[in-house]
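**Student:** Turn this into a model:
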Amino acid sequence: MKIKVGLIWRIIIAIGLAILLGWSLPLLHEGFAKGFGRTFATFNMIFGGFLNFVVPLIIVAFIAPGIAKLGKGSGKLLGLATAFAYISTIVAGVLAFFAATTILPNFIKTGQRQIEGNHHVLKPFFELELTPLMGVMTALLLAFILGIGMASINSKSMLAFFDEFNLLIEKVISYIIIPLLPIHIFGIFLNMTYTGEVAKVLSVFAMVFVMIIALHLIMLLLQYTVAGTLNGKNPLMLMKTMAPAYMTAIGTQSSAATIPVTLRQAKKTGASDKVTDFTIPLFATIHLSGSTITLVSCSIGVLLMNGMPIEFGSYFPFILMLGVTMIAAPGVPGGAVMAAVGLLGKMLHFDDSMIALMIALYMAQDSFGTATNVTGDGALAMIVDRFTPKAKG
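**Tutor:** Here you go, the predicted model:
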């Protein structure tokens, strides 16, 4: 009987082994210990370069056809659905920013991850530069031009090409990046244990996790309070109606895979069939409020650990861009953080080790973020339905 170990458990095992071996390395022969550590440092250097190379391709492959397909919608309904999804995502990001900057500094000492004298860090055996074909912002602009262009001319041949390109890049994520992530995180935590940082980093994990789950619930309560008020219904009863979608998403870790359950439950809230049939599949792609809360909270935790400045004025553009980039989130576990890697590096100046920390933090609660995404879709469907009376019946 073949036992399948989920990604989150593989990451947990990788972190546990890295800590155990990292503590053991100083007890071993110095040459073997450094050679072992530098082997994984070399892998991390290559994997990090490959990830940076693929990021612009992810953006073009997912955003361009996503925008092109949005253009096929039915006018007002499409505009309302897209606007409410974007607003919800931005509100989630702002909520997470102020919560994280208020709560986390009480538990995270600014700059606590910094190492005195980086000569203790395990270095790779060699350096290999994998230059991306284009920058992140260039990829975003190109994706928008192609997406809007395909929608305006109703190009079937170009859309077919990008659909296949989309599938190709998703295979790269599913069969190369995601399977190798545990090894990459193993190498990062091995290095952190060797340098004595890991205790400081792990102390942050639990607090960030608890805060994120609380923010997810607050965001859902906010969404359903608005939906319930507009439709004259009890928000808590509406959330109870959507509970099966929440539980299903925890198991699937995919908004797309949960669509049938989300659609069924959303219709039970009283939203019209026409609106739910159109918006629920759309929201599964463009509405990721739960994932945004996680990404913002985790990124602020990492920024604090590294002693980097955090100001709302300079951080808010990242939230605005994150709302757009979430369209590029592939429908695989960890897809949202993969889509956001480029912005983390470009706008928040994350290095490879910081991105690896982000991935580990994000993956620890990916199921809950996805569950929040799909449960919130039901509230947005009700809101859209309230503002499209002609669509009822």
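**Student:** correct me, but residue 123 touches residue 39?
**Tutor:** No - the pair residue 123 / residue 39 is not scored as a contact, 11.3 Å apart, by CB atoms under 8 Å. C-beta coordinates here come from the backbone N, C-alpha and C atoms, glycine included.
**Student:** Contacts only, for residue 105.
**Tutor:** Counting by CB atoms under 8 Å, 6 or more residues apart in numbering, residue 105 touches residue 304.
**Student:** To clarify, my last question referred to residue 46.
**Tutor:** For residue 46, the contacting residues are 128, 130, by CB under 8 Å, 6+ apart.
**Student:** Recalculate using a threshold of 6 Å.
**Tutor:** By CB atoms under 6 Å, 6 or more residues apart in numbering, the contact set of residue 46 is residue 128.
**Student:** What mean pLDDT does the helix or strand harbouring it get?
**Tutor:** Assigning secondary structure by DSSP states H and E places residue 46 in helix 30-70. In this model, helix 30-70 has a mean pLDDT of 81.
**Student:** For the helix or strand just after it, buried residues please.
**Tutor:** As assigned by DSSP H and E, the chain's next helix or strand after helix 30-70 is helix 75-103. Across helix 75-103, burial judged by 16 or more other CB atoms under 10 Å covers 77-78, 80-82, 84-86, 88-97, 99-101, 103.
**Student:** how big is the angle separating helix 75-103 from helix 30-70?
**Tutor:** Here helix 75-103 runs at 150 degrees with respect to helix 30-70, directions being taken by axes from the mean of the first three to the mean of the last three CA atoms, to 10 degrees.
**Student:** and residue 361, what does it touch?
**Tutor:** residue 298.
**Student:** Next one: it from residue 274, what distance?
**Tutor:** Going from residue 361 to residue 274 by CB to CB, to the nearest Å gives 40 Å.
**Student:** again with residue 189
**Tutor:** For residue 189, the distance to residue 274 - CB to CB - is 50 Å.
**Student:** What of residue 100?
**Tutor:** Taking CB to CB, one finds residue 100 at 39 Å from residue 274.
**Student:** what do you get for residue 235?
**Tutor:** For residue 235, the distance to residue 274 (CB to CB) stands at 24 Å.
**Student:** For these two, indicate the residue with more neighbours.
**Tutor:** Comparing residue 235 with residue 274 by neighbour count (other CB atoms under 10 Å), the higher total belongs to residue 235, at 19 against 16.
**Student:** Test my guess that that one contacts residue 224.
**Tutor:** Yes - counting by CB atoms under 6 Å, residue 224 is a contact partner of residue 235 at 4.0 Å.
**Student:** what residues does stretch 318-328 touch?
**Tutor:** Against stretch 318-328 from outside (CB under 6 Å, 6+ apart): 59, 62-63, 66, 86, 89-90, 93, 286, 288, 292, 339-340, 343, 347.
**Student:** just stretch 265-272 next, same as before
**Tutor:** With CB under 6 Å, 6+ apart, stretch 265-272 has contacts from 238, 241-242, 244-245, 276, 280, 378, 381-382, 385, 391-392.
**Student:** Over to stretch 87-96?
**Tutor:** The contact list for stretch 87-96, computed with CB under 6 Å, 6+ apart, reads 215, 219, 289, 292, 293, 296, 297, 319, 323.
**Student:** Just give me how far stretch 92-107 sits from the chain centre.
**Tutor:** 17 Å (CA atoms, centre = their mean, to the nearest Å).
**Student:** how near is residue 177 to residue 53?
**Tutor:** From residue 177 to residue 53 the distance is 11 Å (CB to CB).
**Student:** what about residue 164, neighbour count?
**Tutor:** 12.
**Student:** and what of residue 126?
**Tutor:** 9.
**Student:** do the same with residue 317
**Tutor:** Quick note: residue 317 (other CB under 10 Å) scores 11 neighbours.
**Student:** So what's the residue count around the residue nearest to it when sequence neighbours are not counted?
**Tutor:** Leaving aside its sequence neighbours, residue 317 sits nearest to residue 347 (CB to CB, 6 or more residues apart in numbering; 6.7 Å). Number of residues near residue 347 (other CB under 10 Å) recorded here: 19.
**Student:** Over to residue 163?
**Tutor:** 14.
**Student:** swap in residue 154?
**Tutor:** Count around residue 154 with other CB under 10 Å applied: 11.
**Student:** Report the separation between it and residue 286.
**Tutor:** 20 Å.
**Student:** where does the protein dip in pLDDT?
**Tutor:** Scanning the chain for pLDDT under 70 picks out 1-8, 26-33, 70-75, 110-121, 196-201, 203, 251-254, 257, 327-334, 389-393.
**Student:** Name the residues of the helix or strand encompassing residue 242 that are buried.
**Tutor:** For residue 242, the host element (DSSP H and E) is helix 235-252. Across helix 235-252, burial judged by 16+ other CB under 10 Å covers 235, 238, 239, 241, 242, 244, 245, 246, 248, 249, 252.
**Student:** I'd like those residues as JSON lines, with distance to residue 132 appended.
**Tutor:** Output for those, formatted as JSON lines (distance: CB to CB, whole Å):
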{"residue": "235", "distance to residue 132": "45"}
{"residue": "238", "distance to residue 132": "44"}
{"residue": "239", "distance to residue 132": "42"}
{"residue": "241", "distance to residue 132": "45"}
{"residue": "242", "distance to residue 132": "40"}
{"residue": "244", "distance to residue 132": "42"}
{"residue": "245", "distance to residue 132": "37"}
{"residue": "246", "distance to residue 132": "37"}
{"residue": "248", "distance to residue 132": "36"}
{"residue": "249", "distance to residue 132": "32"}
{"residue": "252", "distance to residue 132": "31"}
